[in-house]
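Undergrad: model this:
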Amino acid sequence: MFKIFRPMFIIVETSLHPGSGGDVGVVDLPIQREKHTHFPKIEASTLKGSIRELFENNNNNIKSEDVFKLFGPEPERKEEEGYAGALGFMDARILLFPVKSLKDIFVWVTSPMVLERFQKEFKKIAKIDLPCKFKDVKLLQNTASSNNVLVNGTKLVLEEFTYDVQTSKDTTEIARWFAEKIFGSDSEYQYWKTKLEQSLVILPDEEFESFVRNSTEIIARNIINDKGTSGNLWYEEYIPQDTILYTIVMASQSRKENENKNANQIMKEFVENIRSVQVFQIGGNQTIGKGFVRINII
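TA: Just a heads-up that it's a prediction; the model follows:
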């Protein structure tokens with residue numbers, strides 16, 4: 001049974017392709033999505049596998065036995081070893097999605113459903129209380145955290161769409177809380193903290209769903225043969241750079257026989273190792289620079 005829960009933010013630094021396999025649609029290689037909402041996500045198994053690979057290749061040279069203790073033995077050794085890893089992961093869910101804006105280049109959009117889900121999982125699972133500004137987020141739809149993104153103080157232009165939006169002190173406070181928790185105290189990210197404080201927009205759920213469904217990156221790729229002609233053509237979908245997701249990391253006591261580390265010790269070991277790296281890759285096309293993400297654990 002998991003006893004310790006730690007939220008973890010995931011900032012997409014380069015376009016990310018958590019693949020879901022082939023499809024019969026226009027996009028040959030789509031990203032992973034929730035079935036009922038169509039929101040982009042990263043499956044827990046994809047996330048866990050990427051972090052496990054990170055630990056296995058960590059510059060700190062973490063021992064194989066410690067990797068097995070955290071993530072479980074290698075598949076071919078599971079019957080021999082007979083225990084599961086002490087760490088668990090939830091699916092990484094969408095929190096803030098970047099959309100091209102007429103003012104301020106782009107804004108981060110979210111919605112009441114996303115914020116309600118975020119609040120529920122933080123409070124009920126991670127046992128973390130959020131500021132009171134997160135209450136009644138349904139009343140905050142069509143609000144922005146500052147006038148910086150508005151045209152004439154009332155109009156928000158995202159791609160080819162125009163919305164009537166007003167600023168809200170509560171949305172400003174939510175944006176400040178997110179900026180502090182997501183980017184932390186690292187001075188290198190001061191620009192992005194300020195950017196988030198000034199560029200958060202809460203849209204109705206239907207509008208948010210439309211953007212995360214239709215405004216992902218679609219990239220055409222092909223194979224060029226030695227005659228300079230295309231031997232193949234396919235389309236891949238990516239979660240765009242600057243998207244922000246979140247997950248919850250869970251720890252139990254070590255499940256390895258004769259290993260007495262409790263859940264607090266397991267989580268501490270995980271946090272220390274992953275914070276020493278912070279940036280790693282998730283998903284496909286890693287050899288062409290895709291999938292770099294940065295994490296911040298609360």
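
Undergrad: ranges for the helices of the stretch 151-298 of the chain?
TA: Secondary structure of the stretch 151-298 of the chain, counting by DSSP state H, counting those that start in this stretch: helices at 169-183, 190-198, 205-214, 263-275.

Undergrad: Just send the ones you listed back as CSV, with distance to residue 282, mean neighbour count and mean pLDDT too.
TA: Bear in mind the C-beta positions are built from the backbone N, C-alpha and C, glycine included. As requested, those are exported to CSV (distance: least, CB to CB, whole Å; neighbours: other CB atoms under 10 Å; pLDDT from 0 to 100):
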stretch, distance to residue 282, mean neighbour count, mean pLDDT
helix 169-183, 17, 19, 94
helix 190-198, 20, 17, 96
helix 205-214, 18, 16, 97
helix 263-275, 13, 17, 89
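
Undergrad: how about these in a markdown table, adding distance to residue 221?
TA: Output for these, formatted as a markdown table (distance: least, CB to CB, whole Å):
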| stretch | distance to residue 221 |
| --- | --- |
| helix 169-183 | 31 |
| helix 190-198 | 30 |
| helix 205-214 | 20 |
| helix 263-275 | 31 |
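
Undergrad: For the stretch 101-250 of the chain, which segments are assigned as strands?
TA: 106-110, 143-144, 155-158, 161-164, 166-167, 200-202, 217-224, 230-238, 244-251 (DSSP state E, counting those that start in this stretch).

Undergrad: ok so, going back, among the helices of the stretch 151-298 of the chain, which is nearest residue 7?
TA: Closest to residue 7 of the helices of the stretch 151-298 of the chain, according to CB to CB: helix 169-183, at 8.4 Å.

Undergrad: so how far is that closest one from its chain's centroid?
TA: Centroid displacement of helix 169-183 relative to its chain, using CA atoms, centre = their mean, to the nearest Å, is 17 Å.

Undergrad: got it, and stretch 240-256?
TA: With CA atoms, centre = their mean, you get 10 Å for stretch 240-256.

Undergrad: again, but for stretch 266-278
TA: 18 Å.

Undergrad: Worst mean pLDDT among the strands of the stretch 101-250 of the chain?
TA: Within these, confidence is poorest for strand 230-238, with a mean of 84 (mean pLDDT).

Undergrad: Would you mind splitting this protein into its domains for me?
TA: Per automatic domain parsing, the structural domains of the chain span 1-18+44-90+239-298, 97-215.

Undergrad: can you give me the end-to-end distance of the first one?
TA: Across domain 1-18+44-90+239-298, the straight-line distance between its terminal residues is 21 Å, by CA to CA, to the nearest Å.

Undergrad: got the contact list for residue 235?
TA: Applying CB atoms under 8 Å, 6 or more residues apart in numbering, one finds that residue 235 lies in contact with 26, 27, 28, 29, 218, 219, 220, 221.

Undergrad: Likewise for residue 154?
TA: 164, 165, 166.

Undergrad: The second one: how many residues sit nearby?
TA: If I follow you right, that is residue 165. Residue 165 has 25 neighbours, counted by other CB atoms under 10 Å.

Undergrad: The nearest residue to it once chain neighbours are set aside: how many residues sit nearby?
TA: Nearest in space to residue 165, with sequence neighbours left out and distances taken as CB to CB, 6 or more residues apart in numbering, is residue 156 at 4.1 Å. When neighbours are counted by other CB under 10 Å, residue 156 registers 24.

Undergrad: does residue 156 really touch residue 149, like I thought?
TA: Yes: contact status for residue 156 versus residue 149: in contact at 6.2 Å, counting by CB atoms under 8 Å.

Undergrad: List the residues that are in contact with both of the two.
TA: By CB under 8 Å, 6+ apart, the residues touching both residue 156 and residue 149 are 101, 107, 201.

Undergrad: can you put these in TSV and add distance to residue 188 and neighbour count?
TA: Formatted as TSV, those follow (distance: CB to CB, whole Å; neighbours: other CB atoms under 10 Å):
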residue	distance to residue 188	neighbour count
101	24	21
107	22	27
201	25	28
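
Undergrad: nearest to residue 114, of the residues you listed?
TA: Nearest member of the shared contacts of residue 156 and residue 149 to residue 114, counting by CB to CB, is residue 201, at 12.1 Å.

Undergrad: Tell me if I'm right that that closest one and residue 144 touch.
TA: Yes: using CB under 8 Å, residue 201 is in contact with residue 144, at 4.8 Å.

Undergrad: returning to that earlier point: dump the domains of the chain to CSV, plus distance to residue 233.
TA: Below are those laid out as CSV (distance: least, CB to CB, whole Å):
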stretch, distance to residue 233
domain 1-18+44-90+239-298, 16
domain 97-215, 22
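
Undergrad: right, so of those, which gets closest to residue 34?
TA: Closest among the domains of the chain, once you apply CB to CB, is domain 97-215, at 10.0 Å.
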